[in-house]
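Asker: here are the coordinates; sequence isn't available:
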């Protein structure tokens, strides 16, 4: 066994190799991450719940399997953190909301079951904006998560907990969910990798729905290869999710490995005209342009592509999402589980529902319930929800037209680097604008990955590069992102990491 | 407040009634509409539940293919078009027995639409136009504890059983039925009754109204006679038998007329039918035109039945009800009048099953229309809910045919059946009802009767054979009914002629 190795600094692929070589054990790796959580999570607050006992027991089982030669997968024994919006049998699942405080699901989300079936110890549940509504994780009812690059700044959202946990070396891998950018935007602002799969590519069964037609579960990691490895474990058809695609996944790990060789000869890349210009931070745009140049160097042909309807994506999204969310969140009524508030003795069921929802939901959730209820109301449906669905179709057509010309589309993942905690809390529109570049992919159901593109000159904070591909072609995202990653790592002499957390 | 009721004939003098019926049919699929839980009646509360039908966070629905098949077959049997593509929609409203606080239903894209069913009343045929038949899930069941009425009002707490939540339902909605006039109540009853026969023939539901497998909501409105317009309607729920359907329509017609006659206007509302008192009372007001905020269910993919499948299912349909009635009448040799009575009594299916179990058509008709029809009427239940099965009726008739019972004794067997005393044979044995075929005992009784009535005996000796009836009565009385009247007559005539 190697002396003084800090297992938390290794990628998942490296950990798998070390386990295979007998250099360490799953228990040792898992314990190292639990120690790291104990050391830094007081400052980062990436986790809402840490299951040290469960994770170590699963790690011990993995080590036993390794001794017996009955491994379940290539990542058997590599620990992982899970966003608190995914149901975990026996572990609290709060969705960052007071209304689910103390709720322990009696079942596992399909992706969680697949993690267990692949032998990955689950470290705990990560923080998030309440019911995944937000871009900063400040809307968590349990307190904000801090960006490991600058603890005074936001880690992105809604999956700021998963991204910060991975960026702060508290976990080598995490699961996120992405409805309008909740995997990719936190990835961009924490210098990590996040992939939103094709809609239907990963089961949503057990994902507490924000907006069912937009949500997807995906990997949050520090390298493109790790994302592909994790994606292959969680992806694929699930009969419990009617919207899941009944087709085999493309060869994602192979695509990532191929991309890492740095050869993109013959690939056509489209830069989306509409996702740049006013409001885009110069340092973010500079890193983006350098990344595009690296793709050209790797052999890709780059053209500019216009997707004119993308300027309506944000407005469309903020009608469809609240509409679906307002209906999804109706089930939180204090009748069967979660918070129950009695406004007075002898209160009726309706009064209990009202008081519990009033006390249990935060402002952003209430805001979106009201928006969605309004958008679906009789007399307004056609003008709002109906119209939004039509624009959504137009956005999909823009993607289709673009993918007739190019193999992938690229843009900066988010317009800016991480902003200060509290900076945009009172300005919902400013907060919503963070997802400008990520939302179109959700509306059209296409896959997208965010990979670090370097640090912005103004603030020294990470920026992200987004690669979008046609539905079912997640492998293209991995190939291009891996090529860029390897070119950038060569420039930087390895991955960029935040300063040690004090 | 007591409602002012106008005499039925006076209602018709001033108004034209329009009916609308919404019938919910609970399908008899093995599993629920959107999950794998068993879809069976009863069971300990909250034992037939899972994350999906409990609406736990994160759980998702998957459509039951068998339920879609049943929905299409019902649609085809009602002469409907079958949608080439349709979706489920969420009907949003808060209620504790709704696990998700929305019901997964269908809105503007029903699986079946634009059909019809011919309904026969007193030999006259009414065509009832079907607007749509759509699929949805049932809700849980609330139990209100502590009040005197079992209703939520006055209860001190409520319990909810989610076993029923998610059981597949088909809701069948008619277009407004106009022009039925005085027959409106009978048409409503006949529609529900014939719809039930159709559902049973399709084999898609137990279709027991008393168990709630088949639930009818009755919409009624009145319009000034000859105006041709539709008035404001009320929707009466909790109508749990064919008989009540008829009574509820009649009651609402009389009540509406009472309000309209005094210049009032009808409040569009839900009303509750009270079986015991035979009246309706106001439920929740619908004047707010509750906004259910329907939108397509994003967790389910559209249902797009192939035309090949639809045609294959069309091949599985039972005989068309009108043709079937004509065939049965011919097979059974009933007169038009007899057939009309059978249809009106709602026992056509029962007679069919009784004949299938071995009874003659005339015997089957006799029992169901006279003896059992009377008992159902006395008990105030539909004949299908009386609790006597066609197989039992056939078994009783077989005992009559075999000489074990006569009709009078058979009636006592029905008493035993209704009291749950076992099979007809067990009841005959336990109650000692069998006819005495021992000629020795009969002969002695005949001798006693002759001795006690010498004048009657003389008349018979003089050739007035009809007088034997009086002696037969005496003998039957002595034998406490347990004798074959034919054999008694033979013995009397042997002894006196």
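Answerer: Structure received. No experiment lies behind these values; they were computed from the predicted model shown. Numbering: from 1, shown residues only, chains lettered A, B, ... in the order given.
Asker: Get me the contact residues on the stretch 201-350 of chain B for chain A.
Answerer: Where the stretch 201-350 of chain B comes near chain A, counting by CB under 8 Å from any CB of the partner chain, the residues are B:289, B:291, B:293-295, B:298-301. C-beta: built from backbone N, CA, C; applies to glycine.
Asker: Just the buried residues out of those, in ChimeraX syntax.
Answerer: Selection of the buried residues among these in ChimeraX, burial being defined by 16 or more other CB atoms under 10 Å in any protein chain shown:
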select /B:293,294,295,298,299,300
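Asker: Tell me the one among the residues of the stretch 201-350 of chain B next to chain A nearest to residue B:438.
Answerer: Nearest to residue B:438, judged by CB to CB, of those is residue B:300 at 72.4 Å.
Asker: Isn't that closest one up against residue B:63?
Answerer: Yes: shown here, residue B:300 and residue B:63 form a contact pair, counting by CB atoms under 8 Å, at 6.2 Å.
Asker: If we go by neighbour counts, what in the top strand by length along chain B is buried?
Answerer: Secondary structure assigned by DSSP state E gives strand B:124-137 as the longest strand of chain B. Buried residues in strand B:124-137, counted by 16+ other CB under 10 Å: B:126, B:128, B:130-137.
Asker: now these in a markdown table, with distance to residue B:452 and pLDDT?
Answerer: Written out in a markdown table, the entries for the buried residues of strand B:124-137 read as follows (distance: CB to CB, whole Å; pLDDT from 0 to 100):
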| residue | distance to residue B:452 | pLDDT |
| --- | --- | --- |
| B:126 | 60 | 94 |
| B:128 | 63 | 97 |
| B:130 | 68 | 98 |
| B:131 | 72 | 98 |
| B:132 | 73 | 98 |
| B:133 | 69 | 98 |
| B:134 | 73 | 98 |
| B:135 | 73 | 98 |
| B:136 | 72 | 97 |
| B:137 | 73 | 97 |
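Asker: In contact with residue A:270, which residues?
Answerer: When the contact criterion is CB atoms under 8 Å, 6 or more residues apart in numbering or on different chains, the partners of residue A:270 are A:302-305, A:402, A:405-406, A:408-410.
Asker: before we move on, back to that, can you add distance to chain A and give the buried residues of strand B:124-137 back as a markdown table?
Answerer: Written out in a markdown table, the entries for those read as follows (distance: CB to the nearest CB, whole Å):
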| residue | distance to chain A |
| --- | --- |
| B:126 | 34 |
| B:128 | 29 |
| B:130 | 25 |
| B:131 | 20 |
| B:132 | 19 |
| B:133 | 22 |
| B:134 | 18 |
| B:135 | 15 |
| B:136 | 16 |
| B:137 | 14 |
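Asker: Let me know the pLDDT of the residue in the stretch 1-150 of chain B positioned nearest to chain A.
Answerer: Per CB to the nearest CB, the residue of the stretch 1-150 of chain B with the smallest distance to chain A is residue B:101, at 3.5 Å. Predicted confidence (pLDDT) for residue B:101: 97.
Asker: And residue B:150, by the same measure?
Answerer: Per-residue confidence for residue B:150 comes out at a pLDDT of 66.
Asker: circling back to that earlier point, other SSEs contacting the longest strand of chain B?
Answerer: For strand B:124-137, the elements it packs on are helix B:65-77, strand B:102-105, strand B:112-121, strand B:168-174, strand B:177-178, helix B:184-202, judged by 3 or more CB pairs under 8 Å, 6 or more residues apart in numbering or on different chains; DSSP states H and E.
Asker: Using JSON lines, lay out those together with distance to residue A:337.
Answerer: Supplementary listing: the helices and strands packed on strand B:124-137 in JSON lines, determined by distance: least, CB to CB, whole Å:
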{"stretch": "helix B:65-77", "distance to residue A:337": "28"}
{"stretch": "strand B:102-105", "distance to residue A:337": "17"}
{"stretch": "strand B:112-121", "distance to residue A:337": "37"}
{"stretch": "strand B:168-174", "distance to residue A:337": "25"}
{"stretch": "strand B:177-178", "distance to residue A:337": "45"}
{"stretch": "helix B:184-202", "distance to residue A:337": "37"}
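Asker: Run through the residues of the stretch 351-500 of chain A sitting next to chain B.
Answerer: Remark: the part of the stretch 351-500 of chain A in contact with chain B comprises A:353, A:373, A:376-378, A:381, A:385, using CB under 8 Å from any CB.
Asker: picking up where we left off before, taking the contacts of residue A:270, please make a ChimeraX selection of just the buried ones.
Answerer: What follows is the ChimeraX syntax for the buried subset of the contacts of residue A:270, where burial is set by 16+ other CB under 10 Å:
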select /A:302,305,402,406,408,409,410
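Asker: Can you tell me which of the contacts of residue A:270 end up in helices?
Answerer: When the contacts of residue A:270 are checked against helices using DSSP state H, the ones located there are A:402, A:405.
Asker: Distance of residue B:387 relative to residue B:208?
Answerer: Computed with CB to CB, to the nearest Å, the distance linking residue B:387 and residue B:208 is 12 Å.
Asker: ugh, wrong one, residue A:75
Answerer: Residue A:75 is 55 Å from residue B:208, by CB to CB.
Asker: which of these two has more neighbours?
Answerer: Remark: of residue A:75 and residue B:208, residue A:75 carries more neighbours, 26 against 17, as counted by other CB atoms under 10 Å in any protein chain shown.
Asker: The more buried one: what's it in contact with?
Answerer: Counting by CB under 8 Å, 6+ apart, the residues that residue A:75 touches are A:12, A:16, A:118-120, A:173, A:229-230, A:233.
Asker: can you list those residues in JSON lines and add pLDDT, secondary structure and distance to residue B:329?
Answerer: Conversion of these to JSON lines gives the following (pLDDT from 0 to 100; DSSP: H, G, I helix; E, B strand; the rest coil; distance: CB to CB, whole Å):
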{"residue": "A:12", "pLDDT": "98", "secondary structure": "helix", "distance to residue B:329": "78"}
{"residue": "A:16", "pLDDT": "98", "secondary structure": "helix", "distance to residue B:329": "79"}
{"residue": "A:118", "pLDDT": "98", "secondary structure": "coil", "distance to residue B:329": "68"}
{"residue": "A:119", "pLDDT": "98", "secondary structure": "coil", "distance to residue B:329": "72"}
{"residue": "A:120", "pLDDT": "98", "secondary structure": "coil", "distance to residue B:329": "72"}
{"residue": "A:173", "pLDDT": "98", "secondary structure": "strand", "distance to residue B:329": "75"}
{"residue": "A:229", "pLDDT": "98", "secondary structure": "helix", "distance to residue B:329": "74"}
{"residue": "A:230", "pLDDT": "98", "secondary structure": "helix", "distance to residue B:329": "71"}
{"residue": "A:233", "pLDDT": "98", "secondary structure": "helix", "distance to residue B:329": "68"}
